[in-house]
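**Student:** coordinates only, sequence not included:
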């Protein structure tokens, strides 16, 4: 077997390798050095959970539970839940009520600092509403109202009310609120020590005798009536200022019959003590006692006559006479001012009493002032002439009028004299034979006889010179 050799194809040349890539110039790579890392800040402290946050979280969780439970509750249970009484007030409202008294006192303190500062109607209404809100929250309970006051006292609150009333343009106080606060103040006075109770009661009386608390004394629910009927009232008349306030309450405030009778008895005891004891009081105390006994005498004249009333009237007369003698004794030792003597004289005049000794003391003090050469105000001269006229000693001012005539100022004063002093002036001029004054003064007026009453004309004619 023969094999034939087949012709092989020519070898395929191997592919030439690709040319090497061209090198491009490159910039040297600069690796930046990393800055030193700052220390990591400390982890924040854990948040402190306050009581308010806990309460808020608890309330939110309770609300979620309540909302989930309501979806499964029966309709009857839902109705009973809706009828449940809600809390009367929230913690925020309670806090606001507890601060009402402090706000009222602070407001009054700021007004006292500004002597001319006034409070407008809106601010006055706001403060009155705060007091009313506090009383309503306490439901007029003295114990609850006392707890709302905190460190303040009811007397301090009433002082602030009195100050705010003076500086307010319009009064918005609610009388029931004032009565509730007055009840708490009366309880505070009764629980004070016996030595200081009379001072607190006197302070409370000072406020009651003025608006806006003055109408409260007429109410049968007024807490101050309890003080009058208690043992504290026995200590009140020992003070001149307290005696004056008690007499004003009887004569001017309109106390009910039982309380007024209690005050009259206390004042009668004070009058008996004053009539039988030595006068060791100051001039200011004597003036207070004279005004107090003058009020009591005027009050007795308005009552029906009885043995008790007559006995009380005599006790007040003796006490007033004792006070007058004490004032005149002080006047001899150290001259009392004309204003103070006039205050005592007005007490006698209001009680329809005469006192020549007091009128002579007024005339001597007025003459001493006229002799000093000081300017004598016309209004004060007319007031003194009226007082000595009412006291029944018209000639007590003759020395003063002579001195003023010698200084040449009487004619100028009489030309400006009002009608109410016409009779004393004309009578004095006729009695002292001041011809110039009679011819050119007020007696020369053509319409003078028509302006005088028959009694006044008879008085002038009686004093006219022959």
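**Tutor:** Structure's in. What do you need? Since the structure is predicted, the reported quantities are computational estimates derived from the model, not experimental observations.

**Student:** and residue 325, how many neighbours?
**Tutor:** Neighbourhood size, residue 325 [other C-beta atoms under 10 Å]: 13. From N, CA and C alone the C-beta is placed, and that goes for glycine too.

**Student:** and for residue 188?
**Tutor:** 20.

**Student:** what residues of whichever helix or strand it is part of count as buried?
**Tutor:** Taking DSSP states H and E as the definition, residue 188 sits inside helix 175-190. Along helix 175-190, the positions that meet the burial threshold by neighbour count (16 or more other C-beta atoms under 10 Å) are 177-190.

**Student:** so what's residue 124 closest to, chain neighbours aside?
**Tutor:** Spatial nearest neighbour of residue 124, excluding adjacent residues (C-beta to C-beta, 6 or more residues apart in numbering): residue 168 at 4.1 Å.

**Student:** which strand residues bridge that neighbour?
**Tutor:** Partner residues in beta bridges with residue 168: residue 119, with DSSP bridges as the criterion.

**Student:** residues touching it, list them.
**Tutor:** Counting by C-beta atoms under 8 Å, 6 or more residues apart in numbering, residue 168 makes contact with 118-119, 121, 124.

**Student:** and if you look at residue 275?
**Tutor:** Residue 275 neighbours (C-beta under 8 Å, 6+ apart): 315, 318-319, 321-322.

**Student:** residue 157 too?
**Tutor:** Under the criterion of C-beta under 8 Å, 6+ apart, the neighbours of residue 157 are 101, 104-105, 131, 149, 181, 185.

**Student:** if I look at it, how far off is residue 286?
**Tutor:** Plainly put, residue 157 is 34 Å away from residue 286 if you go by C-beta to C-beta, to the nearest Å.

**Student:** and stretch 165-175, which residues are buried?
**Tutor:** Applying a neighbour-count criterion of 16+ other C-beta under 10 Å, one finds 165, 167-168, 172-173 buried in stretch 165-175.

**Student:** just stretch 239-255 next, same as before
**Tutor:** For stretch 239-255, a neighbour-count test (16+ other C-beta under 10 Å) marks 239-251, 253, 255 as buried.

**Student:** which residue packs closest to residue 365, ignoring adjacent ones?
**Tutor:** Spatial nearest neighbour of residue 365, excluding adjacent residues (C-beta to C-beta, 6+ apart): residue 338 at 5.1 Å.

**Student:** for residue 350, state which of the buried residues of stretch 239-255 is nearest.
**Tutor:** In terms of C-beta to C-beta, no member of the buried residues of stretch 239-255 lies closer to residue 350 than residue 251, at 10.0 Å.

**Student:** A helix includes the closest one, no?
**Tutor:** Yes: when classified by DSSP: H, G, I helix; E, B strand; the rest coil, residue 251 is found to be part of a helix.

**Student:** got any ranges where this structure has weak pLDDT?
**Tutor:** Applying pLDDT under 70 to the predicted model, the residue ranges of the chain that meet it are 1-41, 43-56, 66-98, 114-117, 169-170, 193-195, 229-237, 252-254, 277-280, 433-466.

**Student:** 50 - rerun?
**Tutor:** Counting by pLDDT under 50, the low-confidence segments of the chain come to 29, 31, 35, 78, 82-95, 440-441, 443-444.

**Student:** surely residue 133 and residue 101 touch.
**Tutor:** No: because the distance of 11.3 Å does not satisfy C-beta atoms under 8 Å, residue 133 is recorded as not touching residue 101.

**Student:** the two - which one has more neighbours?
**Tutor:** residue 101 (24 against 15).

**Student:** so how far is residue 127 from that one?
**Tutor:** 11 Å.

**Student:** same check on residue 400?
**Tutor:** With distances taken as C-beta to C-beta, residue 400 is found 52 Å from residue 127.

**Student:** of these two, who's got more company?
**Tutor:** Each of residue 400 and residue 127 has its neighbours counted (other C-beta under 10 Å); residue 400 has more, 26 against 21.

**Student:** wait, the more buried one sits on residue 363?
**Tutor:** Yes: applying C-beta under 8 Å as the test, residue 400 and residue 363 come out as touching, 6.3 Å apart.

**Student:** can you give me the helices in the stretch 301-450 of the chain?
**Tutor:** Residue ranges of the helices in the stretch 301-450 of the chain, as given by DSSP state H, counting those that start in this stretch, are 307-333, 338-350, 356-371, 378-390, 398-407, 410-414, 422-431, 435-440, 448-451.

**Student:** do the same with the stretch 151-300 of the chain
**Tutor:** Assigned by DSSP H, counting those that start in this stretch, the helices in the stretch 151-300 of the chain fall at 154-167, 175-190, 194-208, 224-229, 240-252, 257-276, 283-301.

**Student:** could I get these as a markdown table with distance to residue 112?
**Tutor:** Supplementary listing: the helices of the stretch 151-300 of the chain in a markdown table, determined by distance: least, C-beta to C-beta, whole Å:
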| stretch | distance to residue 112 |
| --- | --- |
| helix 154-167 | 6 |
| helix 175-190 | 19 |
| helix 194-208 | 15 |
| helix 224-229 | 24 |
| helix 240-252 | 21 |
| helix 257-276 | 31 |
| helix 283-301 | 24 |
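
**Student:** to residue 356, which of those helices lies closest?
**Tutor:** Ranking the helices of the stretch 151-300 of the chain by proximity to residue 356 (C-beta to C-beta) places helix 283-301 first, at 16.8 Å.

**Student:** in the closest one, what's buried?
**Tutor:** For helix 283-301, burial by neighbour count (16+ other C-beta under 10 Å) applies to 283, 285-300.

**Student:** and what of stretch 317-331?
**Tutor:** 317-324, 326-328, 330-331.

**Student:** now, which of these sits nearest residue 220?
**Tutor:** Nearest to residue 220 among those: residue 319, at 31.0 Å, using C-beta to C-beta.

**Student:** hang on, the closest one packs against residue 289?
**Tutor:** Yes: in this structure, residue 319 is within contact of residue 289 by C-beta under 8 Å, at 7.3 Å.

**Student:** now the common contact residues for the two.
**Tutor:** Taking C-beta under 8 Å, 6+ apart as the contact criterion, the residues that touch both residue 319 and residue 289 are residue 274.

**Student:** before we move on, the earlier item: just send the helices of the stretch 301-450 of the chain back as TSV, with distance to residue 259 too.
**Tutor:** Shown next, in TSV, are the helices of the stretch 301-450 of the chain (distance: least, C-beta to C-beta, whole Å):
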stretch	distance to residue 259
helix 307-333	16
helix 338-350	23
helix 356-371	33
helix 378-390	32
helix 398-407	46
helix 410-414	48
helix 422-431	42
helix 435-440	54
helix 448-451	46
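
**Student:** so which of these is the most surrounded?
**Tutor:** Neighbour counts (mean count of other C-beta atoms under 10 Å) averaged over each of the helices of the stretch 301-450 of the chain peak at helix 422-431, with a mean of 22.
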